[in-house]
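K.L.:
Got a sequence here, can you build the structure:
(2 chains)
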2 protein chains.
Amino acid sequence: MAIETLSSNAAHGGTQGVYRHASAMTGTEMTFSVFVPAHTDGAALPVLWYLSGLTCTHANVTEKGEYRAACAEHGVIFIAPDTSPRGEAVPDDDAYDFGKGAGFYVDATEEPWSANFRMKSYIEDELPALIAAEFAVADLSRQGITGHSMGGHGALTIALRNAGRYRSVSAFAPIVSPLHCPWGEKALTGYLGDNRADWRAYDACALIADGARVPEILVDQGAADTFLAEQLKPELLEQACAEAGIDLTLRIQPGYDHSYYFISTFMADHIAWHAARLKA
Amino acid sequence: MAIETLSSNAAHGGTQGVYRHASAMTGTEMTFSVFVPAHTDGAALPVLWYLSGLTCTHANVTEKGEYRAACAEHGVIFIAPDTSPRGEAVPDDDAYDFGKGAGFYVDATEEPWSANFRMKSYIEDELPALIAAEFAVADLSRQGITGHSMGGHGALTIALRNAGRYRSVSAFAPIVSPLHCPWGEKALTGYLGDNRADWRAYDACALIADGARVPEILVDQGAADTFLAEQLKPELLEQACAEAGIDLTLRIQPGYDHSYYFISTFMADHIAWHAARLKA
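P.N.:
Next comes the predicted model:
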């Protein structure tokens, strides 16, 4: 494994890098960003993964997420992967909510998607191994995970499927149940086929109902988010967590929408919350 | 005067807006952004102007500047104008450093630029009047001004030409002397003609040499900025301020470049510095 540095900028006392590598999982080149705070030689810093939403690449949160000051303060590495495979050889769909930019953090089983759209394995296995190999400062025994919208779905489902791997999980305006929203139904039908039982491993509420557990979850959700009622439905997660005894902190934030203005407002809070658990 | 709201997003407890209006000065529509922190009814908050650099619109700093948290903390309104007139009817140049996106905060006297490129009058007169008319919360008796690169040049020259109007002036990697750098020579020749005496009103160092004064200036400059030696030359400002007795704080920041990663790193510092003076 090897990575190519696309850019490296001093920022908030640390280094904001953007990197590219050849992914075996997706069969494409993949780009991701890593912020490493200032640290002493030989230090080992905890890692916070941030999974992005529909239409995004690594760049949206890297530019607009306002995470570096808080990561510098708490000594947390911040990693932002892409949301799908890219490139001319990769199949796509004209819609913004399927195909490129909309990988939904699944391993697709349906043609023509199954060859490249393997974002579950990419995020769970390949990219952490690459980080471990290339970033000696990253302490992968202390990982947290968060994300926005489709990426919040990714964060929740990945944490739930891998009990004990992530010390902390939070989300911004997550899709909590792809089984119960148009975005999810479209994407999972396309990537996984019509058998809805196959979708349950990619649905936070279904995973919880089926016995998956994390100790606690932090979710912020804007009350003025135009996707709230039809796509996001945090009440489903609230119900699933209540039934399972999972400690969910769900904060409905008056006036906030689905944009990076919402995310950046609460980003420092989430980083502090993760840091408290990653450094406990 | 009237403004059209292009977008309005809750952010950091306040409101990030983007607005458009018909400018009499430029003869075009102009777009700008305003962040208004949370405030009580009838409050009057100080204003910090941020002038952007070459190729930028209001959007760069609005998305990447990381100013909202600090403005919310200190109760400061943040206004980001565009860097030039826009539109198909506006003359342009293929280069990135002249024409659209490169207004240099001058009132052009040369054809074909003089009809629209009147950014000095737009920033000094028209936009403040619009803000006063449309934003009752803005206390224009307490204004500060800052900017980046070409916008740092704008901030310094506008503050120097209008002694007493701005309580505070700072800059990120400013062009301190257009008379002594390729960017400045090209732009001022194009907008103002060959008579270099006419340029002195648009050159911070020349203004200071000619007697203009502000009490103090804060400048951050990245040591790894690729434009440092040829275009920015902070040592010229240092010399001019020393000769004039202006209290210049010039901080050369090791490792930092010319990007928004640099700006966003020191933005909160600048806002705190302005707030201390605006609220004194």
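
K.L.:
I'd like to know how far the residue in chain A sticking out farthest from the centre sits from chain B.
P.N.:
Farthest-out residue of chain A from its mean C-alpha position, per CA atoms, centre = their mean: A:Asp41, at 28.9 Å. Per CB to the nearest CB, to the nearest Å, A:Asp41 is found 17 Å from chain B. C-betas here are computed from N, CA, C, even on glycine.

K.L.:
Could you tell me the per-residue confidence at that residue?
P.N.:
According to the prediction, A:Asp41 has pLDDT 96.

K.L.:
got the contact list for A:Ile246?
P.N.:
A:Ile246 is in contact with A:208, A:213-217, A:240, counting by CB atoms under 8 Å, 6 or more residues apart in numbering or on different chains.

K.L.:
One more pass at 10 Å, please.
P.N.:
For A:Ile246, the contacting residues are A:160, A:208, A:212-217, A:237, A:240, by CB atoms under 10 Å, 6 or more residues apart in numbering or on different chains.

K.L.:
now, which of these sits nearest chain B?
P.N.:
Proximity to chain B was ranked across the contacts of A:Ile246 by CB to the nearest CB; first place goes to A:Leu237, at 22.3 Å.

K.L.:
and the closest one, what is it in contact with?
P.N.:
Residues near A:Leu237 by CB under 10 Å, 6+ apart: A:152, A:156, A:171, A:174-177, A:204-205, A:208, A:217, A:219, A:221, A:246, A:248, A:250.

K.L.:
Am I right that it is in a strand?
P.N.:
No: in this structure, A:Leu237 is helix, not part of a strand, as judged by DSSP: H, G, I helix; E, B strand; the rest coil.

K.L.:
Return the distance of it relative to B:Phe266.
P.N.:
Using CB to CB, to the nearest Å, we find A:Leu237 at a distance of 39 Å from B:Phe266.

K.L.:
And A:Pro81, by the same measure?
P.N.:
28 Å.

K.L.:
And the residue farthest from the centre of chain A, how far from A:Ala72?
P.N.:
A:Asp41 is 17 Å from A:Ala72, where distance means CB to CB.

K.L.:
which stretches of the stretch 101-250 of chain A aren't confidently modelled?
P.N.:
Within the stretch 101-250 of chain A, no stretch has pLDDT under 70.

K.L.:
Tell me the secondary structure of the residue of it found nearest chain B, please.
P.N.:
Nearest residue of the stretch 101-250 of chain A to chain B, counting by CB to the nearest CB: A:Ala224, 6.9 Å away. Classification of A:Ala224 by three-state DSSP places it in coil.

K.L.:
Enumerate every residue touching it.
P.N.:
Shown in contact with A:Ala224 (CB under 10 Å, 6+ apart): A:253-258, A:262, B:9-10.

K.L.:
what about 8 Å?
P.N.:
Applying CB under 8 Å, 6+ apart, we find A:Ala224 in contact with A:254-257, B:10.

K.L.:
Would you format those residues as JSON lines with distance to B:Ile145 included?
P.N.:
Converted to JSON lines, the contacts of A:Ala224 look like this (distance: CB to CB, whole Å):
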{"residue": "A:Pro254", "distance to B:Ile145": "33"}
{"residue": "A:Gly255", "distance to B:Ile145": "30"}
{"residue": "A:Tyr256", "distance to B:Ile145": "30"}
{"residue": "A:Asp257", "distance to B:Ile145": "30"}
{"residue": "B:Ala10", "distance to B:Ile145": "26"}
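
K.L.:
Now tabulate those residues in a markdown table and tack on pLDDT, secondary structure and neighbour count.
P.N.:
Shown next, in a markdown table, are those (pLDDT from 0 to 100; DSSP: H, G, I helix; E, B strand; the rest coil; neighbours: other CB atoms under 10 Å in any protein chain shown):
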| residue | pLDDT | secondary structure | neighbour count |
| --- | --- | --- | --- |
| A:Pro254 | 98 | coil | 8 |
| A:Gly255 | 98 | coil | 14 |
| A:Tyr256 | 98 | coil | 24 |
| A:Asp257 | 98 | coil | 21 |
| B:Ala10 | 98 | strand | 21 |
